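Q: Quick one, fold the following:
(chains A, B, C and D)
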There are 2 protein chains.
Amino acid sequence: MTPQNDGAARATPARRPTIKDIARRAGVSESAVSFALNGRPGVSQGTRDRIHRVAEDLGWQPNSAARALSGERSGCVGLVLARPAHTLGVESFFLQLVSGVQEVLAARKVALLFQVVEDIEAECAVYRRWWAEKRVDGVLVVDPRSDDPRPELLDSLGLPSVMIGAPAEGERQVSTVWADDSAAMASVLAHLYELGHRHVVHVAGLPGLAHTERRINSLRTEAGRLGLTAIRSVPTDYSDAEGAEATRRVLDSDAPPTAIVYDNDVMAVAGVAVAAERGIKVPGELSIVAWDDSALCRVTHPRLTALVRDTSGFGRLAAEELLARLDGGPVRSLQAELPHLEPRESTGPPTSGA
Amino acid sequence: MTPQNDGAARATPARRPTIKDIARRAGVSESAVSFALNGRPGVSQGTRDRIHRVAEDLGWQPNSAARALSGERSGCVGLVLARPAHTLGVESFFLQLVSGVQEVLAARKVALLFQVVEDIEAECAVYRRWWAEKRVDGVLVVDPRSDDPRPELLDSLGLPSVMIGAPAEGERQVSTVWADDSAAMASVLAHLYELGHRHVVHVAGLPGLAHTERRINSLRTEAGRLGLTAIRSVPTDYSDAEGAEATRRVLDSDAPPTAIVYDNDVMAVAGVAVAAERGIKVPGELSIVAWDDSALCRVTHPRLTALVRDTSGFGRLAAEELLARLDGGPVRSLQAELPHLEPRESTGPPTSGA
DNA sequence: GACATGAGCTAAACCGCATTAGTAGCGTCG
DNA sequence: CGACGCTACTAATGCGGTTTAGCTCATGTC
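A: Predicted structure coming up:
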């Protein structure tokens, strides 16, 4: 079509304008342009306006590399997701989180560098590389663990960072944004208790994750407070397969529970499927609660009672905190809005008390 | 803990080594270092080895900004996802795609810039900005539309790009990586036809999307070939809500279908829920096929017959093509492996032929 | 022995911007 | 009226690489 493009050759459609071009057109020096465009003093209002007009005309945008090289900032923040590829299943949490993050970052013209890796070692390697390459100004860290090597690493690299999901441990230079899983678990158990459930099983997520531990501990504490003994948590890897397997195991036990709380939506749905397989009525014979709401929970039959969080709000909060850190703000620990329980059709009074 | 860190102040943990440091330590000029580290001629093997050793010792990594500024490349490619925030529901497709993309990019030390925006106008604005800022070397474009403004824009910007999902339209300098939706739809219809279905409804996705159009057209063509008349497609926005709504409508019609093909997994699951609501047996009275497999399809009861694609393989292919373009390769149109149908429990012969 | 050749290296320019250190012009003050 | 300070600007430098031009020395050639 375009005759000058013979195969591999790429056209050079329009040279990017630089401040030099602006300087020439406005009849001033490059420094004056730089001052004007960055709102620094040293230029008269008239000249400033003229420079802005010319820049606008030319459609100038700062070359991010040049800015990163001379200034401090790269204008990027990073997010690494460490998950074995096969685990990247149905997980609405992430895209929602990221969309919240973007909302805040985009407004400040900060880009998000995203990387998916296999495991936490690879994740640490990415941080090191990004740091060495000076590719990012800071990072958002997800899936905090109970014995997490990342805060120390990030601290030693001096890479500003925000942990998403768990309150700080130790005295690291790492902000945290978290939701109160303990209180949330308490509210779930209270809901089930009020309905009359005395025997509840918690199908938990990965044991290494900090929020898993907190949910498990909270469940134990609250059960003690209510005088319940037939309460326990069983660990899984969050997959539908293990969720189903755990469900079968607890239903097969001598004293099956009257309610199950699942640590994510996928496992909860898998649990419903197991119940359906066996002809167990939900919520008549078994009540089910999903931690984290999603389309999934509204799509099954019966629709699932779920713990709703404002995930994208969570992302916004985290991004704001990271930007604040980059601007020299203090290390903080921020708490997101408390999740609330959305009762739907999968929970009800047990038919026969234990 | 660390006494020198008083609040906002960030520590400077270790200066990043530069080629200057390497040059000094190796007793050569900076240019020699650059030549050696980039495998260019002009340095003896001995010196080259020495330089490499020193670089290794110092843990040197090229500063991405500096490299971007002097060289051509920024070492980043971009991916923009245009979705209204509330649509970011259960969608395994993306994370899987991205994980495949990363696998290839990471091996070449190319970073992925990721952005979620509201709509396609915002998406175009992001491309313009990235181009002007010289932030990315190329982009991956998803969700091709039947009348898509993006290829023209990217072409005019001279931004190397790969469209994921649809074959090229027109003569743009844009590579495409796509799956044969037409053939896939034909195989789905053949499967249902063999089982005895003569009345099939296709609950389609967004009408504007190119692959939606191709599926619809293929369905019509194939139905014609098989002599079927009671075949149609109904459009939706991919959400579980519209999927359920469409299901109710077609089941309420005068001549309800014996099988429904859904354009994604979420809607298929919603369809199963609607059937359950009404006591319609799946697959006895209604067969259901989901386009795109996911944990979701294996988690419901009955488990869904689904069209399986190697999504992360798709991502790998796209990333490889983009890297090839960046290396000056020609614009190509690559076809991914044909999706295959995975029969599970949601399809079977209809109880009474139409 | 004069000269071309090429390998191996260095010096210097450059990428686009930010920033620091001037400098010219001008009003003010003692 | 010269010292001083202020405003509005320019020149120069640096960020960390890549790249081009040039320089030196050994070797080969007729």
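Q: Give the burial count for the residue lying closest to residue A:196 once chain neighbours are set aside, as a bare number.
A: Nearest non-adjacent residue to residue A:196, counting by C-beta to C-beta, 6 or more residues apart in numbering or on different chains: residue A:349, 4.8 Å away. (Each C-beta comes from the backbone N, C-alpha and C, glycine too.) By other C-beta atoms under 10 Å in any protein chain shown, 14 other residues sit near residue A:349.
Q: A helix includes residue A:349, no?
A: No: using DSSP: H, G, I helix; E, B strand; the rest coil, the secondary structure at residue A:349 is coil, not a helix.
Q: That one reaches residue A:194, doesn't it?
A: No: taking contacts as C-beta atoms under 8 Å, residue A:349 lies outside contact range of residue A:194: 9.2 Å.
Q: who in the stretch 251-354 of chain A is up against chain B?
A: A:266, A:269-270, A:272-273, A:276-277, A:294-296, A:298-301, A:303, A:312, A:328-331 (C-beta under 8 Å from any C-beta of the partner chain).
Q: buried subset of the residues you listed?
A: Buried residues within those, counting neighbours by 16 or more other C-beta atoms under 10 Å in any protein chain shown: A:266, A:269-270, A:272-273, A:276, A:294-296, A:298-301, A:303, A:312, A:329, A:331.
Q: Okay, strands next: where are they in chain A?
A: Ranges of strands in chain A, per DSSP state E, are A:76-82, A:111-117, A:138-141, A:161-164, A:174-178, A:200-203, A:231-234, A:259-262, A:287-291, A:305-308, A:333-335, A:340-342.
Q: so which of those is the most packed in?
A: Using mean count of other C-beta atoms under 10 Å in any protein chain shown, the stretch among those with the largest mean neighbour count is strand A:259-262, at a mean of 29.
Q: returning to that earlier point: okay if I get the strands of chain A as JSON lines plus mean pLDDT?
A: Output for the strands of chain A, formatted as JSON lines (pLDDT from 0 to 100):
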{"stretch": "strand A:76-82", "mean pLDDT": "94"}
{"stretch": "strand A:111-117", "mean pLDDT": "93"}
{"stretch": "strand A:138-141", "mean pLDDT": "97"}
{"stretch": "strand A:161-164", "mean pLDDT": "95"}
{"stretch": "strand A:174-178", "mean pLDDT": "94"}
{"stretch": "strand A:200-203", "mean pLDDT": "97"}
{"stretch": "strand A:231-234", "mean pLDDT": "94"}
{"stretch": "strand A:259-262", "mean pLDDT": "97"}
{"stretch": "strand A:287-291", "mean pLDDT": "96"}
{"stretch": "strand A:305-308", "mean pLDDT": "95"}
{"stretch": "strand A:333-335", "mean pLDDT": "94"}
{"stretch": "strand A:340-342", "mean pLDDT": "94"}
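Q: Present those strands as TSV; the columns should include distance to residue B:340.
A: Listed next are the strands of chain A as TSV, based on distance: least, C-beta to C-beta, whole Å:
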stretch	distance to residue B:340
strand A:76-82	28
strand A:111-117	25
strand A:138-141	38
strand A:161-164	38
strand A:174-178	43
strand A:200-203	33
strand A:231-234	36
strand A:259-262	31
strand A:287-291	32
strand A:305-308	34
strand A:333-335	47
strand A:340-342	38
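Q: which bits of chain A sit near DNA strand C?
A: By C-beta under 7 Å from any atom of the strand, the residues of chain A that approach DNA strand C are A:16, A:18-20, A:30-31, A:34-35, A:37-38, A:40, A:42, A:60, A:62-63, A:66-67, A:69-71.
Q: Please repeat the previous calculation with a cut-off of 10 Å.
A: Counting by C-beta under 10 Å from any atom of the strand, chain A comes close to DNA strand C at A:15-23, A:29-38, A:40-42, A:55, A:60-73.
Q: got the contact list for residue A:142?
A: By C-beta atoms under 8 Å, 6 or more residues apart in numbering or on different chains, the contact set of residue A:142 is A:79, A:81, A:97, A:164, A:165.
Q: Leaving out the residues flanking it, which one is nearest to the residue nearest the centre of chain A?
A: Per C-alpha atoms, centre = their mean, the C-alpha nearest to the average position across chain A is that of residue A:97, at 4.4 Å. Spatially, and ignoring its direct neighbours in sequence, residue A:97 is nearest to residue A:315 (4.2 Å; C-beta to C-beta, 6+ apart).
Q: Send over the lowest-mean-pLDDT helix or strand in chain A as PDB, restricted to the C-alpha atoms.
A: Using mean pLDDT, DSSP states H and E, helix A:295-299 stands out as the lowest-scoring helix or strand of chain A, at a mean of 82. In PDB, the C-alpha atoms belonging to helix A:295-299 read as follows (Å, rounded to 0.1, in the frame of the first residue of the first chain):
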ATOM      1  CA  ALA A 295     -19.500 -12.700  39.400                       C
ATOM      2  CA  LEU A 296     -18.900 -16.300  40.200                       C
ATOM      3  CA  CYS A 297     -20.800 -16.000  43.500                       C
ATOM      4  CA  ARG A 298     -23.800 -14.400  41.900                       C
ATOM      5  CA  VAL A 299     -23.800 -16.900  39.000                       C
END
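Q: Quick check: the residue nearest to the centre of chain A vs residue B:133, distance?
A: Residue A:97 is 25 Å from residue B:133, where distance means C-beta to C-beta, to the nearest Å.
Q: Sounds good, over and out.
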